[in-house]
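Visitor: Here is a sequence together with a model predicted from it:
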Amino acid sequence: MLEDLTVTAAVGTGRKPPAIGPISPAMDEALGVLADESPAGKLLGAAAILNRYERCGSLPRPSNALPPQAAEETSPPCSRRAGELLAQILSMANNETRAHLIGEWLAAAARVSHRVPHRFLPALLDYGSAHRVARAGIAQVAGTRGPWLMRLNLQWQFGADESENPASVWSTGAREQRVAALNRLRATNPAAARELVQATWKEDAADDRSLFVSALTIGLGAEDEPFLETCLDDRSKQVRTAAAELLARLPRSALVGRMISRAELLLRFQAGKRGGLLRKTTPAAIDVALPPEEFSAQWARDGIIEKPEGKIGRRQWWLTQFLAAIPPTHWSGTWQVSPEECVAAVADEFTGVVLTAWSRAAERHPDDAWSRALLLAAAKEDRGPLTLALLNGLAPAARQAVAAELLESSKMTADLLLQVLRAGDFAYDRHSADVLLRQIDRQREQQTTAYAYLLPQVLQGAALRIPPEFYDELAQRWGGDKWEPYRKALDEFFQKLLLRREIQRELA
């Protein structure tokens, strides 16, 4: 009964009234005092009485009620060795390495439609209960036994059985189960998923509503805009912020249109002029003005934050937020110039403000040409912030090409190399990996002190990015006295690379 009350507390008494009794004559009498209480009062009162009852102790009662058996598995288990590799990864102490390798293992198993052996499921579900980012991957390889186990343990109820009706999960599931069902439904039927959110909107708590709005990122489209616009007037700041973020990601939304109207008054492109015999060539330039002094309530409704974050003036901060919501392609299209020309034309006191805003806009509205222009201007010319997260929004081929360009930069340092490795959440192809490895060689050779303290961290990051087939080549190439100071880091590097190669071979 206590577990039922816990589920009710998770989903809310409005959707699942507390079920109390019968238990025993004495307990039923104790619980009877709650008859006239509100649903919330019954829930809290029953939980208190049951908690005291359990603390007093009770004799075990025989029961023949067993849970239904799990359905037969339909997918084959992975090999015994692949399961052992998963267990080895789960036992790792390094959280960053463990998270990456678990993700790689889950993706490889899903590609060949293999499931996790049953004996490793509890440890994997424990991991999933604490690491939200791994849950979707776990659901793909858990087979039929995974959802069966989830139903028996409240801590594991972060996923919804794919065979269950999403509407049913939405009515009775815990928060994480509802989010999982919503994510799955958004991938196939975005409209139906949005209707589920709207159906219980008034009863759901603010924390839940903000999560559900954020889940609409999957399959986000113009059809979601009317609902998201209403969320801008929600009583919860969390919900308003989540809705404004999604509307800022819709390039043709009314919110983006309002931002364009505000920003076009503040940015003016001046084309360059070629010089003649007596005239000097003038480069293109962008004149930047600041927003009005008075903060507008309409700006606040659109998610503009009044108080600056960090050391920046109020009006510059507002301008940054205007520009960050507008697709960068709007400016290159309006001015009829390339992204490189747009970036180069920002050359006054507001260069940092504009390029920072454009980098944030490029994260929301990925465009290969714009992301490349912003990244290379920052890495090679020290103009604007080096927003390495832009790498993840590039198309696969462009991502590899830009990563290689960044890594080849003559201004590359060990610190910057480490930032590139940590920011780019993708595996390197042979070309970009080869550039990376040559850069590591260069950093080691250029080191002026006896020991390069960042190099071991660079090696650990590289071990998770480069193709594992580099193992044999590097085992021959990286050895001898010149690598001896880094022997421990190098051993760990090769261990990770070997482990990744085994994963790929076992789940080929």
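Guide: That came through fine. Residues are numbered from 1 along each chain as shown.
Visitor: so after the helix or strand encompassing Leu125, what's the next helix or strand?
Guide: Leu125 is part of helix 121-130 when elements are defined by DSSP states H and E. Once the chain leaves helix 121-130, the next helix or strand it forms, by DSSP H and E, is helix 135-141.
Visitor: Give the next helix or strand downstream of that next one.
Guide: Using DSSP H and E, the helix or strand that directly follows helix 135-141 along the chain is helix 145-152.
Visitor: can I get the CA coordinates of that next one in PDB?
Guide: Extracted C-alpha coordinates of helix 145-152, given in PDB (Å, rounded to 0.1, in the frame of the first residue of the first chain):
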ATOM      1  CA  ARG A 145      12.800  -8.200 -19.100                       C
ATOM      2  CA  GLY A 146      13.900  -4.600 -18.700                       C
ATOM      3  CA  PRO A 147      10.400  -3.100 -18.600                       C
ATOM      4  CA  TRP A 148       9.200  -6.000 -16.400                       C
ATOM      5  CA  LEU A 149      11.900  -5.300 -13.800                       C
ATOM      6  CA  MET A 150      11.200  -1.500 -14.000                       C
ATOM      7  CA  ARG A 151       7.600  -2.200 -12.900                       C
ATOM      8  CA  LEU A 152       8.800  -4.100  -9.800                       C
END
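Visitor: If you count contacts, what does the helix holding Leu125 end up packed against?
Guide: Applying 3 or more Cβ pairs under 8 Å, 6 or more residues apart in numbering; DSSP states H and E, one finds that helix 121-130 contacts helix 80-90, helix 135-141, helix 145-152. Every residue, glycine included, has its C-beta placed from N, CA and C.
Visitor: and for the first one, what are the contacting residues?
Guide: In other words, helix 80-90. With Cβ atoms under 8 Å, 6 or more residues apart in numbering as the contact definition, helix 80-90 has outside contacts at 77-78, 98, 101-102, 105, 109, 114, 116-117, 119-120, 123-124, 127, 499, 502-503, 506-507.
Visitor: Now restrict these to buried residues only.
Guide: Among the contacts of helix 80-90, the ones that count as buried by 16 or more other Cβ atoms under 10 Å are 77-78, 98, 101-102, 105, 109, 114, 116-117, 120, 124, 127, 499, 502-503, 506-507.
Visitor: Please parse this protein into its domains.
Guide: 2-56, 80-249, 254-272+284-289+296-394, 397-508 (automatic domain parsing).
Visitor: lowest-confidence stretch among these?
Guide: Of all those, the minimum mean pLDDT falls on domain 2-56 (a mean of 77).
Visitor: Which residue is the nearest non-sequential neighbour of the residue minimising distance to the centre of the chain?
Guide: The C-alpha lying nearest the average C-alpha coordinate of the chain belongs to Val133 (Cα atoms, centre = their mean; 7.1 Å). Sequence neighbours aside, Ala99 is the residue nearest to Val133 in space, at 7.3 Å (criterion: Cβ to Cβ, 6 or more residues apart in numbering).
Visitor: Leu498 - that's part of a helix, no?
Guide: Yes. Counting by DSSP: H, G, I helix; E, B strand; the rest coil, Leu498 is located in a helix.
Visitor: Enumerate every residue touching the nearest residue to it once chain neighbours are set aside.
Guide: Spatial nearest neighbour of Leu498, excluding adjacent residues (Cβ to Cβ, 6+ apart): Tyr471 at 6.1 Å. By Cβ under 8 Å, 6+ apart, the residues touching Tyr471 are 494, 497-498, 501.
Visitor: Which of those ranks first by neighbour count?
Guide: Most neighbours among the contacts of Tyr471, by other Cβ atoms under 10 Å: Leu497, with 22 neighbours.
Visitor: quick one: that residue and Gly103, what's the gap?
Guide: Look at Leu497 and Gly103: by Cβ to Cβ, to the nearest Å, they are 16 Å apart.
Visitor: can you check Leu474 too?
Guide: 23 Å.
Visitor: again, but for Asn153
Guide: 23 Å.
Visitor: Who has more neighbours out of these two?
Guide: Per other Cβ under 10 Å, whichever of Asn153 and Gly103 has more neighbours is Gly103, with 17 against 13.
Visitor: So what's the residue count around Ala193?
Guide: 25.
Visitor: Would you mind naming the helix or strand containing it?
Guide: helix 190-199.
Visitor: quick one: buried residues of the following helix or strand past that helix?
Guide: Counting by DSSP H and E, the next helix or strand C-terminal to helix 190-199 is helix 206-215. Buried residues in helix 206-215, defined by neighbour count with 16+ other Cβ under 10 Å: 208-215.
Visitor: what does helix 206-215 rub up against?
Guide: 175, 178-179, 182-183, 186, 193, 197, 201, 204, 228, 231, 234-236, 238-239, 241-243, 245-246.
Visitor: For that helix, list the C-alpha coordinates in PDB.
Guide: The C-alpha trace of helix 206-215 is given here as PDB (Å, rounded to 0.1, in the frame of the first residue of the first chain):
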ATOM      1  CA  ALA A 206       5.000  23.600 -12.600                       C
ATOM      2  CA  ASP A 207       8.200  21.400 -12.500                       C
ATOM      3  CA  ASP A 208       6.300  18.700 -14.500                       C
ATOM      4  CA  ARG A 209       4.900  21.300 -17.000                       C
ATOM      5  CA  SER A 210       8.400  22.700 -17.700                       C
ATOM      6  CA  LEU A 211       9.700  19.200 -18.300                       C
ATOM      7  CA  PHE A 212       6.900  18.400 -20.700                       C
ATOM      8  CA  VAL A 213       7.400  21.600 -22.600                       C
ATOM      9  CA  SER A 214      11.100  20.900 -23.000                       C
ATOM     10  CA  ALA A 215      10.200  17.400 -24.300                       C
END
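Visitor: Having no further points to raise, I will conclude here.
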